[in-house]
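**Q** Fold the following.
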Amino acid sequence: MYENISHYIDACDAPKVEDPIISVVITSRAEAWPILCMTLQNIQENLNSSRWLKGRWECLVVFNSNEEDKDVEGETRFKECNLRKFGAFRYVRTNEPSSSIARSAGVYEAIGDYVYIGDSHQIFGFNFFESLIRSYETIAEYHPIGILHSALGWMSGVPDKDLCDRYTPLLKAKFWGNWHRTNSLEPHIICMKGTSFLMLRKYALEIGLWNLNFKPYGGNEPYLNLKVWRLGQEVWVDPRIYVWHLAYKRNYCWNNDILWFNTLLAAYTIGGNEWLEMHYQRYCTYIKQTHKEPTVSRYLVNLQHIKADVVEKGKSDMEWINTNAKYTLNELMNIYAWE
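**A** Numbers count the residues shown, from 1 in each chain. Just a heads-up that it's a prediction; the model follows:
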């Protein structure tokens, strides 16, 4: 669980703000400096415009690039910028490119009551952070909320056309989901969604954050949302509160082995052997349908190794979730009609 996260942290600035209400955690892998800088500047302006939060916030920028990444200027420039020198921003460096490790490190080192998880290429709507906390507190009066997401749209969009407020769950088809817009203007329960969400830091630590075996791309979004659901808390979204996300080619890469490992790890830790086998067989079918021998045999052997690695690295987490769970994944799917 997260107790081992300190092994992955190479550097971390000490806290600069006493008793912050919120810690904003921004992970940055090979982000271009102009984009990162605009994101961080927007965070500062958004939080300082709130009378309630001004002086009661911090932002941890967690860098998780590795030697293969093409652009590390963002990290180099941040280390010397005034945001870090004189502002409420803290530098954190992890030694693995996994976003799950980077986010876990940020939450672990944060000291705010709330933690917000976001990307290094976002623009935040008016009064974003105060609105998100206020909404969380209102929902928590009547519901066992564990995560509150904001809506999210791609930059160049407009709110009444381009904001999505949830993933349509496709758990059997790919153990993930598709971006979806419900047109609802009220906070509501969802199965899962991607980056841009708020949690109580204490609760995030209690449930063990992310599995630290996740590799750089895929799997960690369904993992955390479904973990919260299985442990008896609810996942919500407030579509009135939103961020704009810049979708463009990043300065790093991933491959199918990474995606398949992460998806199988999420399926196994959340759903157990039944769900691992379901998606393992799905990948086997895909390989057989899209390739010919001898490639098929080579890819199937590799997939067997990935599956065995998933079981080795995910078993203890799967067992912890099962021991502490209020619901099985199948029970949740029946209750909420997820597919």
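**Q** how about the helix ranked longest in the chain: buried residues?
**A** Across the chain, the helix with the greatest residue count (assigned by DSSP state H) is helix 295-324. Buried residues in helix 295-324, defined by neighbour count with 16 or more other Cβ atoms under 10 Å: Tyr299, Leu303, Ile306, Lys307, Val310, Lys313, Gly314, Asp317, Met318, Ile321. C-beta here means a position set from N, CA and C on the backbone, and glycine is covered the same way.
**Q** Same question for stretch 115-132.
**A** Across stretch 115-132, burial judged by 16+ other Cβ under 10 Å covers 115-125, 127-132.
**Q** Ok, stretch 279-287 next?
**A** By neighbour count on 16+ other Cβ under 10 Å, the buried set for stretch 279-287 is His279, Tyr280, Arg282, Tyr283, Cys284, Ile287.
**Q** and what of stretch 193-208?
**A** 193-201, 203-205, 207-208.
**Q** For the residues you listed, could you give me CSV that also reports secondary structure and pLDDT?
**A** As requested, those are arranged in CSV below (DSSP: H, G, I helix; E, B strand; the rest coil; pLDDT from 0 to 100):
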residue, secondary structure, pLDDT
Lys193, coil, 96
Gly194, coil, 91
Thr195, coil, 88
Ser196, coil, 96
Phe197, strand, 98
Leu198, strand, 98
Met199, strand, 98
Leu200, strand, 98
Arg201, helix, 98
Tyr203, helix, 98
Ala204, helix, 97
Leu205, helix, 97
Ile207, coil, 97
Gly208, coil, 95
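**Q** Now flag whichever of the residues you listed is closest to Arg56.
**A** Arg201 (14.1 Å; Cβ to Cβ).
**Q** Just list the residues touching that closest one, thanks.
**A** Ser23, Val107, Ala110, Ile111, Gly112, Asp113, Tyr114, Val115 (Cβ atoms under 8 Å, 6 or more residues apart in numbering).
**Q** for Phe197, same thing?
**A** By Cβ under 8 Å, 6+ apart, Phe197 lies in contact with Tyr116, Ile117, Ile147, Leu148, His149, Ser150.
**Q** quick one: it and Ala266, what's the gap?
**A** Plainly put, Phe197 is 17 Å away from Ala266 if you go by Cβ to Cβ, to the nearest Å.
**Q** What segments of this structure are helices?
**A** 33-48, 73-80, 82-86, 99-109, 128-140, 159-162, 171-174, 201-206, 220-230, 256-271, 273-290, 295-324, 329-336.
**Q** between these, which gets nearest to Tyr248?
**A** helix 33-48 (8.6 Å).
**Q** Show me which residues of that closest one are buried.
**A** Trp33, Ile35, Leu36, Cys37, Met38, Thr39, Leu40, Asn42, Ile43, Gln44, Asn46, Leu47.
**Q** want to throw these into CSV with distance to Gly55 and pLDDT?
**A** Converted to CSV, the buried residues of helix 33-48 look like this (distance: Cβ to Cβ, whole Å; pLDDT from 0 to 100):
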residue, distance to Gly55, pLDDT
Trp33, 27, 94
Ile35, 27, 95
Leu36, 23, 96
Cys37, 22, 97
Met38, 23, 97
Thr39, 21, 98
Leu40, 17, 98
Asn42, 18, 98
Ile43, 14, 98
Gln44, 12, 98
Asn46, 14, 98
Leu47, 9, 98
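**Q** For the residue lying closest to Tyr91 once chain neighbours are set aside, list the residues it contacts.
**A** Leaving aside its chain neighbours, Tyr91 sits nearest to Asp13 (4.9 Å; criterion: Cβ to Cβ, 6 or more residues apart in numbering). For Asp13, the contact set (Cβ under 8 Å, 6+ apart) comprises Arg84, Arg90, Tyr91, Val92.
**Q** can you check Pro239 too?
**A** Ala151, Leu163, Asp165, Thr182, Ser184, Leu185, Glu186, Pro187, His188.
**Q** Recalculate using a threshold of 7 Å.
**A** Ala151, Leu163, Asp165, Ser184, Leu185 (Cβ atoms under 7 Å, 6 or more residues apart in numbering).
**Q** These, buried ones only, as a ChimeraX selection?
**A** Listed next is the ChimeraX selection for buried residues among the contacts of Pro239, using 16+ other Cβ under 10 Å:
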select :151,163,165
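**Q** just the contacts of Pro239 now: which is nearest Leu332?
**A** Nearest to Leu332 among those, with distances taken as Cβ to Cβ, is Asp165, at 19.5 Å.
**Q** Run through the residues that contact that closest one.
**A** Neighbours of Asp165 in contact, by Cβ under 7 Å, 6+ apart: Ala151, Arg181, Thr182, Ser184, Val237, Pro239.
**Q** Just the buried ones from the contacts of Arg201?
**A** Ser23, Val107, Ala110, Ile111, Gly112, Tyr114, Val115.
**Q** which stretches of the stretch 151-300 of the chain have low pLDDT?
**A** Counting by pLDDT under 70, the stretch 151-300 of the chain has low-confidence residues at 250-254.
**Q** Pipe the contacts of Asp165 into JSON lines and attach distance to Tyr217 per row.
**A** Shown next, in JSON lines, are the contacts of Asp165 (distance: Cβ to Cβ, whole Å):
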{"residue": "Ala151", "distance to Tyr217": "23"}
{"residue": "Arg181", "distance to Tyr217": "24"}
{"residue": "Thr182", "distance to Tyr217": "27"}
{"residue": "Ser184", "distance to Tyr217": "30"}
{"residue": "Val237", "distance to Tyr217": "23"}
{"residue": "Pro239", "distance to Tyr217": "27"}
